[in-house]
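Asks: here is a sequence together with a model predicted from it:
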Amino acid sequence: MRIAGLVACYNRVALTLRCLTSLFETFEHQDATLEIFLVDDGSPDKTGEIVKQRFPQVHVITGTGSLYWNPAMCWAYAAARAAGPFDAYLLFNDDVELIPDSVRKMISSYVDLNQRAPSILAGPVCEKATGKTTYGGLVSTAKYRPLAFDMVPVSSAIRECDTFQANFVLVPAKAMDQVGGPDPVYHQCYADVDLGLVLRERGCKTYLYSDHIGYCEGNPLKYWIPTLSARIRALYSRRDPLSDRIYFTYKRYSWPLATVIAVAQVARALLRTLRPAQTYRSIEIGNN
């Protein structure tokens, strides 16, 4: 099996090197080959250059300096597809500290699943100190609330999900190529969730692996922004652009319901900026 690993990085060279080292060590004992396509968006700490020195086999692509996660992943996917064909794509974040034995078992489970039908397998990650799952598989919780998702609990058995968070996910190449990879309209939020839903609509089921494959601290759901001007800037920031939420909502529903929901999302976000002692959510999945 030939796997293309897709990763975006920016200015955290130590974490990137740790993750790549663990990945390559893991695949030394696997009946699969791994090629990494890494997009470095002009990191001040020279992440891309250092990765190329340490791992010359990695395909390093230099960004424009103004990319964010999803555009960078689109670049990585385009480079991988041009270098293909591959049997699978591995979407992962460079801040995941892998548990090699769990990753090996997950890859074997992925092979088993795909012998029966095209299947995505998401590897859950957790906080190192508590073992609490931070990212993995998601299920939709409300038909008419498109941003409402809950985490799928990790259990002793592989479980089906609606979609995934792309911290460590194996996707069949044929299915990914049929949809053309991640939707380039997104900047950061919802791009991976949307990709999982699009693939599901095309008949590719998503499953959550039965054990944590690594450690990754979760981003805080809320952070303090004290002033109105700062809250307005955050509302339209690249971290969580309002346009991503509107687009995700509109894409999930046909006219005219999508328009109503999208307008409601805009109104909710705008009203939130007017609250003088308000915290601003970086992502709305799981608590809508």
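Replies: Alright, I've got the coordinates.
Asks: pull out the buried positions in stretch 143-160.
Replies: 146-152, 154, 158-159 (16 or more other C-beta atoms under 10 Å). Any C-beta I mention is one placed from the backbone N, CA and C, and that applies to glycine too.
Asks: run a quick neighbour tally on the nearest residue to Ser140 once chain neighbours are set aside.
Replies: Spatial nearest neighbour of Ser140, chain neighbours left out: Asp162 (5.0 Å); criterion: C-beta to C-beta, 6 or more residues apart in numbering. Residues near Asp162, counting by other C-beta atoms under 10 Å, number 18.
Asks: and Asp162, what's its pLDDT?
Replies: We note a pLDDT of 97 for Asp162 in this prediction.
Asks: how about the one 5 residues further on?
Replies: In this model, Asn167 is scored at 96, pLDDT.
Asks: I'd guessed it sits against Phe92; true?
Replies: Yes - using C-beta atoms under 8 Å, Asn167 is in contact with Phe92, at 6.5 Å.
Asks: I'd say the residue nearest to Ser140 and Asp194 touch.
Replies: No - applying C-beta under 8 Å, one finds Asp162 not in contact with Asp194, separated by 11.5 Å.
Asks: returning to that earlier point: look at Asn167 and Phe92 and report which has more neighbours.
Replies: Using other C-beta under 10 Å, the more surrounded residue of Asn167 and Phe92 is Phe92, with 26 against 21.
Asks: residue contacts, that one?
Replies: Contact analysis of Phe92 by C-beta atoms under 8 Å, 6 or more residues apart in numbering lists 5-7, 19, 23, 166-169.
Asks: out of these, which end up buried?
Replies: 5-7, 19, 23, 166-169.
Asks: what strands flank the helix or strand where Phe37 lies, and is each parallel or antiparallel?
Replies: Phe37 belongs to strand 33-40 when assigned by DSSP states H and E. Applying DSSP bridges, strand 33-40 is found paired with strand 2-9 (parallel), strand 59-62 (parallel).
Asks: mark out where each domain of this protein begins and ends.
Replies: 2-215, 222-281 (automatic domain parsing).
Asks: and these, which one averages the lowest pLDDT?
Replies: Among the domains of the chain, domain 222-281 scores lowest, with a mean of 60.
Asks: before we move on, back to that, winner for burial among the domains of the chain?
Replies: Scoring the domains of the chain by mean neighbour count under mean count of other C-beta atoms under 10 Å gives domain 2-215 as the most buried, with a mean of 19.
Asks: and that one, end to end?
Replies: Using C-alpha to C-alpha, to the nearest Å, the end-to-end distance of domain 2-215 comes out at 25 Å.
Asks: ok, stretch 114-125 next?
Replies: 22 Å.
Asks: repeat that for stretch 197-212.
Replies: 22 Å.
Asks: use 773 as the first number for this chain going forward.
Replies: That works, and once the first residue is 773, the last one we named lands at stretch 969-984.
Asks: distance from the chain centre to stretch 797-809, please.
Replies: 20 Å (C-alpha atoms, centre = their mean, to the nearest Å).
Asks: hmm, back to that, what is the nearest of the buried ones among the contacts of Phe864 to Ala894?
Replies: Among the buried ones among the contacts of Phe864, Val941 lies closest to Ala894 (C-beta to C-beta), at 4.7 Å.
Asks: in a strand, the closest one, correct?
Replies: Yes - assessed by DSSP: H, G, I helix; E, B strand; the rest coil, Val941 belongs to a strand.
Asks: who's in contact with it?
Replies: 862-864, 892-895, 964.
Asks: try Asp964
Replies: 863, 935-938, 941, 954.
Asks: need the residues you listed in a markdown table (columns: distance to Met948).
Replies: Converted to a markdown table, these look like this (distance: C-beta to C-beta, whole Å):
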| residue | distance to Met948 |
| --- | --- |
| Leu863 | 9 |
| Thr935 | 14 |
| Phe936 | 13 |
| Gln937 | 16 |
| Ala938 | 12 |
| Val941 | 11 |
| Pro954 | 9 |
